[in-house]
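*Asks:* Everything below, folded, please.
(chains A and B)
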Amino acid sequence: MNLYAIRAIYRFEMARTGRTLLQSIVSPVISTSLYFVVFGAAIGSHMNGIDGVSYGAFIVPGLIMLSLLTQSISNASFGIYFPKFVGTIYEILSAPVSPFEIVAGYVGAAASKSVILGLIILATARLFVPFDIEHPLWMLAFLLLTAVTFSLFGFIIGIWADNFEKLQLVPLLVVTPLTFLGGSFYSIHMLPPLWQKVTLFNPVVYLISGFRWSFYGKADVGMGISVGMTVVFLALCLAAVWWIFRSGYRLKA
Amino acid sequence: MQPIIEVRHLGKTYASGFQALKRIDLEIRRGEIFALLGPNGAGKTTLISIICGIVNPSEGSVLADGHDVVRDYRAARAKIGLVPQELTTDAFETVWNTVSFSRGLFGKSANPAHIEKVLKDLSLWDKRNSKLITLSGGMKRRVMIAKALSHEPQILFLDEPTAGVDVELRRDMWAMVRALRASGVTIILTTHYIEEAEEMADRIGVIHKGELILVEDKAALMAKLGRKQLTLHLQHPLQAIPAALAGYPLRLSDEGRQLVYTFDAQGEHSGIDVLLRRLGEAGIDFRDLQTRQSSLEDIFVDLLRARA
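*Replies:* Residues are numbered from 1 along each chain as shown, chains lettered A, B, ... in the order given. Below you'll find the predicted structure:
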């Protein structure tokens, strides 16, 4: 195991966050704060609570998930796409590193960033609405699992993309809609019966439901199913990454 | 002694169907400077890229210091440093950080003393805290060499190291390559500046359309294929070569004002003495003469022309 290489890649990526602090950390925090002002304070004050939780508090887990997903994907996809784009990838490919070590470095850094970001948003949210976390360990576990899974997904997108447009395509066209429709701002029980069924095909539903359970002990779908679905998605991403390195897809001629 | 690099039946056909390498066999000796010559698109970079692990071979194998570059890539790659042709750097990193990054990537523990030495050897020490984006092209080239040397490789690949580099930096680089060789590093460089190979290399390989058409000691190559020319500047122009001199490989140039005699550099008898005597007998006077040995460039052009 080339631990020095994992550390080198990890530190390189984290240094990039440091340099782009404003866009990496500050802007998601600002946009999340805006959500709280609009949905939590302005609109939420006119709404009844959901499942006995005030609306402002109800959307906290969903908003954190929204940032976690989009940030994991954009951090990880940009992290691997950029060296491909400028050509510095030659050094990674010619180094004595295994695919696992490359992924550990890039995905580890991307996931770390999003977890840090998630925690910052959590602290920001606490300034706007009061809430308690019933299962803090589960909350952290979900945060980590989601960050790693979606950073892997972002890594795959970064490998697949051969221009900047494609890099934005999946997050914009797939992930953001799925997150909004995945119950960030509502309980899926509020949907008409047919849509309740349809929405179960949306993987993000399970993430948000599970994450919300760790806060308030209430979930749209069973906790076991939530964890199970996330692990399935993680396994799919791992399989895709394994195939990428085995075939050299978009990395090696 | 076992060669440090052994290339066996190495072939590469890209997905487009383009056959970049055709079953190449090559051995690089420990501690030598080997120059790989060839026109653009000949397969030089493909060969290097396969050895370094950037491109997958279609057939054949490569051993680097006894380690197969595919099966035992960790051990093989740890011995190799690569300076690619393109200037690709992380614009916002500092020189110190990017060189330290390379060392870690190649699995070596941090060693600031070594990094310091590498930077000083390459006249980069003053720039250690500069961001790469602020450096000139020549400086970036030095940084890429520093990155390749950061993990103390035994084999160094320099792909077109002096392309677009000014004369001073080129001289510096040659001096550095010699110093590296003196410290036991094997160096493989590709170039299409023949002057560079002539100046630096111990051995030369010529690659053309994916085939290695020649591998030879530089000195032997220049002696074997090199030719000498004697040019006589005549007092009075000649219309044609006099019959008395028929049988000599002579030709007239500069509208008959020059007589050019070509002969093998390695021949025991150049024949110059006899030729000059014959000229005297034929009453042909000359006011000046010069001899010239063909350069590696002439040899190279001849080789490729013979193949065309």
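*Asks:* A:Leu251 is in contact with A:Ile244, isn't it?
*Replies:* Yes - using Cβ atoms under 8 Å, A:Leu251 is in contact with A:Ile244, at 7.0 Å. Glycine gets a C-beta too; all of them are placed from N, C-alpha and C.
*Asks:* hey, what's in contact with both of those two?
*Replies:* A:Ile159 (Cβ atoms under 8 Å, 6 or more residues apart in numbering or on different chains).
*Asks:* how close does the spatially closest residue to B:Met200 that is not a sequence neighbour get to chain A?
*Replies:* Spatial nearest neighbour of B:Met200, chain neighbours left out: B:Ile33 (5.4 Å); criterion: Cβ to Cβ, 6 or more residues apart in numbering or on different chains. For B:Ile33, the distance to chain A equals 21 Å [Cβ to the nearest Cβ, to the nearest Å].
*Asks:* next one: B:Phe18
*Replies:* For B:Phe18, the distance to chain A equals 10 Å [Cβ to the nearest Cβ].
*Asks:* mind checking the SS state of A:Phe92?
*Replies:* No, residue A:92 isn't Phe; it's Ile. Recorded secondary structure, A:Ile92: helix (DSSP: H, G, I helix; E, B strand; the rest coil).
*Asks:* ok, it - how many residues close by?
*Replies:* When counting by other Cβ atoms under 10 Å in any protein chain shown, one arrives at 21 neighbours for A:Ile92.
*Asks:* From what I see, it and A:Glu101 are in contact.
*Replies:* No - in this structure A:Ile92 lies outside contact range of A:Glu101 using Cβ under 8 Å: 9.8 Å.
*Asks:* got any ranges where the stretch 51-200 of chain B has weak pLDDT?
*Replies:* Low-confidence regions of the stretch 51-200 of chain B, defined here as pLDDT under 70, do not occur.
*Asks:* Can you tell me which residues in chain B are near chain A?
*Replies:* By Cβ under 8 Å from any Cβ of the partner chain, the part of chain B that sits against chain A consists of B:14-15, B:52-56, B:73-78, B:80, B:82, B:84, B:86, B:88-93, B:97, B:100-109, B:147.
*Asks:* quick one: contacts for the residue in the stretch 51-200 of chain A that chain B sits nearest to?
*Replies:* For the stretch 51-200 of chain A and chain B, the shortest gap (Cβ to the nearest Cβ) falls at A:Gly87, measuring 3.4 Å. Neighbour list for A:Gly87: B:Pro84, B:Glu86, B:Thr88 [criterion: Cβ under 8 Å, 6+ apart].
*Asks:* quick check, nearest of these to chain A?
*Replies:* The shortest gap between chain A and any of these belongs to B:Thr88, at 3.4 Å (Cβ to the nearest Cβ).
*Asks:* quick one: the closest one from B:Met144, how far?
*Replies:* In this view, B:Thr88 and B:Met144 are 8 Å apart by Cβ to Cβ, to the nearest Å.
*Asks:* Go ahead and confirm B:Gly137 touches B:Glu86.
*Replies:* No - at 11.5 Å, B:Gly137 does not count as touching B:Glu86 under the criterion of Cβ under 8 Å.
*Asks:* ok, B:Leu250 touching B:Ala243?
*Replies:* No - with contact taken as Cβ under 8 Å, B:Leu250 and B:Ala243 are classed as non-touching, separated by 12.0 Å.
*Asks:* Between those two, which is the more surrounded one?
*Replies:* Counting neighbours by other Cβ under 10 Å for B:Leu250 and for B:Ala243 shows that B:Leu250 has the greater number, 16 against 8.
*Asks:* Distance check, that one against A:Phe39.
*Replies:* Distance of B:Leu250 to A:Phe39, computed by Cβ to Cβ: 96 Å.
*Asks:* if I pick residue 240, what's in contact with it?
*Replies:* Since no chain was named, I'll use chain A. Contacts here follow Cβ under 8 Å, 6+ apart; on that basis A:Ala240 touches A:Ile156.
*Asks:* That was the other one, I meant chain B.
*Replies:* B:Leu252.
*Asks:* Pretty sure it sits in a strand.
*Replies:* No - secondary structure of B:Ala240 (three-state DSSP): coil, not part of a strand.
*Asks:* Below-threshold pLDDT in the stretch 201-308 of chain B: ranges please.
*Replies:* When the per-residue scores of the stretch 201-308 of chain B are filtered using pLDDT under 70, the ranges that remain are B:226, B:265-268, B:308.
*Asks:* Recalculate using a threshold of 90.
*Replies:* Low-confidence segments of the stretch 201-308 of chain B (pLDDT under 90): B:206, B:208-209, B:213-214, B:218-230, B:232, B:234-257, B:259-286, B:289-308.
*Asks:* if we can go back for a sec, now list whatever residues contact both of A:Ile92 and A:Glu101.
*Replies:* The contact sets of A:Ile92 and A:Glu101 overlap at A:Ile9 (Cβ under 8 Å, 6+ apart).
*Asks:* Show me the helices in the stretch 101-250 of chain A, by range?
*Replies:* The residue ranges that make up the helices of the stretch 101-250 of chain A, judged by DSSP state H, counting those that start in this stretch, are A:136-160, A:164-170, A:176-180, A:193-198, A:203-216, A:223-247.
*Asks:* For the fourth one, buried residues please.
*Replies:* For helix A:193-198, burial by neighbour count (16 or more other Cβ atoms under 10 Å in any protein chain shown) applies to no residue.
*Asks:* Please apply the same query to the third one.
*Replies:* Neighbour counts over helix A:176-180 (16+ other Cβ under 10 Å) mark A:Leu178, A:Thr179 as buried.
*Asks:* elements contacting it?
*Replies:* Secondary-structure packing of helix A:176-180 (3 or more Cβ pairs under 8 Å, 6 or more residues apart in numbering or on different chains; DSSP states H and E): helix A:55-86, helix A:203-216.
*Asks:* could these go into CSV alongside mean neighbour count and mean pLDDT?
*Replies:* Shown next, in CSV, are those (neighbours: other Cβ atoms under 10 Å in any protein chain shown; pLDDT from 0 to 100):
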stretch, mean neighbour count, mean pLDDT
helix A:55-86, 24, 91
helix A:203-216, 25, 91
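*Asks:* I appreciate the help and will end here.
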